[in-house]
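prediction below, plus the sequence it came from.
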Amino acid sequence: MKVTVLYFAHARDARGQASEALDVPEGTTIAALRERLAGMLGGRVPTFLLARNEAYAAPEDALRDGDEVAVIPPVSGGAHRIGPEPVDVGALVAAVQSPSQGATCLFLGTVRNEFAGQPTARLHYEAYLPMAERELDAIAREAQATYPGSRVALYHRVGTLELEDASVGIAVSSPHRADAFAACRQVIEEIKRRAPIWKREIAPDGDLRWHGDPGE
């Protein structure tokens, strides 16, 4: 049977292409495919997650003919909505305002001029869009469930951003300020941990560095 494998960020760099079709035996599991990909990617795949048909996959999951498998490197950043347009702070705040809310917390992640002690000229973000949208929707719902009465609005840019540009915006409103702060922090931490959005540092001399590259 045949499956399509998608590569993102440093996984794509390691393989030298964005996708390919692989022939695999009937009954092949995610764990077995991981072992095969380890050889194809120079042994680096154990640090990656695998997603099957736009959802994170368990090692025992069996592949089916026509499945799409994404190789997910360590991620950085994300949002409930994703696009190339600038973060609209006013729209985020307006989306969570309500007469019942007594506090609104706004978080902006902005492009700074260094990473790991090295100068940065700009950043480039890319995303596995269908899966990222679903993960970010789930993150927003989880925060709202953890802090009842809270409302969450998110937006993340993709593409190349200049210094001081806002890459991610999160607005959270709650009846009380403690919940607004806590929910906002939960959202950004979960976004950075789970959302398949990658950040690449572009140095003044043009050198490129992926955040979270296991080869570092």
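Perfect, I can see it now. In this text, all values refer to a predicted model and were calculated from it rather than measured experimentally.

per-residue confidence at the nearest residue to residue 92 once chain neighbours are set aside?
Distance criterion Cβ to Cβ, 6 or more residues apart in numbering; nearest residue to residue 92, sequence neighbours excluded, is residue 171 at 3.9 Å. In this view, the C-beta of every residue, glycine as well, is placed from N, C-alpha and C. Looking at residue 171, its pLDDT is 95.

residue contacts, residue 171?
For residue 171, the contact set (Cβ atoms under 8 Å, 6 or more residues apart in numbering) comprises 89, 92, 93, 95, 96, 104, 105, 106, 107, 152, 153, 154.

tell me where the chain has helices.
Per DSSP state H, the chain carries helices over the ranges 9-15, 30-40, 89-96, 129-146, 177-194.

check contacts around the closest residue to residue 157 other than its chain neighbours.
With Cβ to Cβ, 6+ apart as the criterion, residue 157 has its nearest non-adjacent residue at 5.4 Å, and that residue is residue 167. Going by Cβ under 8 Å, 6+ apart, residue 167 touches 77, 87, 109, 110, 111, 123, 125, 156, 157, 161, 199.

which residues sit against the helix or strand of the chain with the lowest mean pLDDT?
Every helix and strand in the chain was compared by mean pLDDT, DSSP states H and E; the lowest is strand 208-210, with a mean of 78. Residues outside strand 208-210 that contact it (Cβ under 8 Å, 6+ apart): 9-10, 13, 73, 115-116, 118, 198-203, 216.

please repeat the previous calculation with a cut-off of 7 Å.
Applying Cβ atoms under 7 Å, 6 or more residues apart in numbering, the set of residues contacting strand 208-210 from outside is 9, 10, 115, 198, 200, 201, 202.

residue 135: which of those residues is nearest?
residue 198 (13.5 Å; Cβ to Cβ).

list the beta-bridge partners for that closest one.
residue 126 (DSSP bridges).

which residues of the chain score low on pLDDT?
For the chain, applying pLDDT under 70 flags the ranges 43-47, 74-80, 212-216.

domain assignment for it?
Split into domains by automatic domain parsing, the chain comes to 2-72, 82-210.

look up how far residue 7 lies from residue 197.
Distance, residue 197 to residue 7, by Cβ to Cβ, to the nearest Å: 15 Å.

so which of those two has more stuff around it?
residue 197 (29 against 23; other Cβ atoms under 10 Å).

so that one is in contact with residue 125, correct?
Yes. Between residue 197 and residue 125 there is a contact under Cβ atoms under 7 Å: 6.1 Å.
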